[in-house]
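>>> missing the sequence, but the structure's below:
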Ligand SMILES: O=C(CO)COP(=O)(O)O
């Protein structure tokens, strides 16, 4: 099955209104054979959408409830009203900083689906878990416990982001990435059957213009979730270009 690649950016708590100018060239790069999307801090969603209408701008977190006494939180409806078409859920920084559980991540994804928004659900192991030989069990366990009801490829993507590869300049080997994505695909098949073959599984963690071609064309890798290198068009657009290239021959 051919899956169209998705290269998504995650600005985290970076960027400001001036930085939104980068989105003009980034949005133009998304007009080709690769889907492109950028998640920005919530206060930047509306001005970003105004600047690049029609381009996929997303949030970085959502509260599972519809409304209520949740000071400082944002519902899917609020994100959508601001112009977001998708949202990241379960990023490891939120699992660590905000103690988010798999059950909460699942509820957040379901809230997005109720509002016809797309979701990128993040999973990934820590270095200690990898060193202990538990990486696959941890990641497939997160998938089993946080996969939302009604999970389907037209609104949900998975992002495999090893915690130790985020912002560190370290990445797993291409073989390790392919093995983990294969394990995630197998787990998805067990949970949702043939729909799993249409679902995009992104890799995230220190993706750069230099390593993107190798990582993005590994087995079962359907795109990337990019942090630091998504903040400027100069760094991000070459990653989109790498996703669009077919590797016709490899050196021995
Ligand atoms: O966490 C990430 C994207 O969600 C990855 O961040 P970096 O690309 O900065 O390593």
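Right, received. Where do you want to start? Remember, it's a predicted structure, so these values are computed and weren't measured experimentally.
>>> what sits against whatever residue of the chain ends up closest to the ligand?
At 2.2 Å from the ligand, residue 227 is the closest residue in the chain, using CB to the nearest ligand atom. For every residue, glycine as well, the C-beta is placed using N, CA and C. Shown in contact with residue 227 (CB atoms under 8 Å, 6 or more residues apart in numbering): 9-10, 12, 166-167, 204.
>>> Top of those residues by number of neighbours, please.
Greatest neighbour count in those, by other CB atoms under 10 Å, goes to residue 9: 28 neighbours.
>>> That residue bridge partners, please.
In this entry, residue 9 is beta-bridged to residue 38, residue 226, by DSSP bridges.
>>> Tell me which residues touch it, please.
26, 36-39, 225-227, 230-231, 236 are the contacts of residue 9 under CB under 8 Å, 6+ apart.
>>> ok, 10 Å please
15, 22-23, 26, 36-40, 58, 207, 224-231, 235-236, 239-240 (CB atoms under 10 Å, 6 or more residues apart in numbering).
>>> got it, and residue 127?
Contacts of residue 127 by CB under 10 Å, 6+ apart are 135, 162-165, 168, 170.
>>> Can you say which of these are buried?
135, 162-165 (16 or more other CB atoms under 10 Å).
>>> tell me which parts of the stretch 51-200 of the chain are close to the ligand?
Within the stretch 51-200 of the chain, the positions adjacent to the ligand are 91, 161, 166-167 by CB under 6 Å from any ligand atom.
>>> quick one on the thing from earlier: restricted to strands, list the contacts of residue 9.
36-39, 58, 224-226 (DSSP state E).
>>> what kind of secondary structure is residue 183 in?
Of the three states, residue 183 takes helix under DSSP: H, G, I helix; E, B strand; the rest coil.
>>> Not counting sequence-adjacent ones, nearest residue to it?
Spatially, and ignoring its direct neighbours in sequence, residue 183 is nearest to residue 136 (4.9 Å; CB to CB, 6 or more residues apart in numbering).
>>> Wait, a helix at that neighbour?
Yes: Residue 136 forms part of a helix when assessed by three-state DSSP.
>>> Is it correct that it is in contact with residue 124?
No: look at residue 136 against residue 124 with CB atoms under 10 Å: they stay out of range, at 11.6 Å.
>>> Give me the common contacts of those two.
With CB under 10 Å, 6+ apart, residue 136 and residue 124 have common neighbours 130, 180.
>>> more crowded one of these two?
Comparing residue 136 with residue 124 by other CB under 10 Å, the one with more neighbours is residue 124, at 26 against 18.
>>> Who are the contact partners of that one?
Contacts of residue 124 by CB under 10 Å, 6+ apart are 90-92, 95, 130, 135, 138-139, 142, 159-166, 180, 203-205.
>>> Now do the strands in the stretch 51-200 of the chain.
56-59, 86-89, 118-123, 156-160 (DSSP state E, counting those that start in this stretch).
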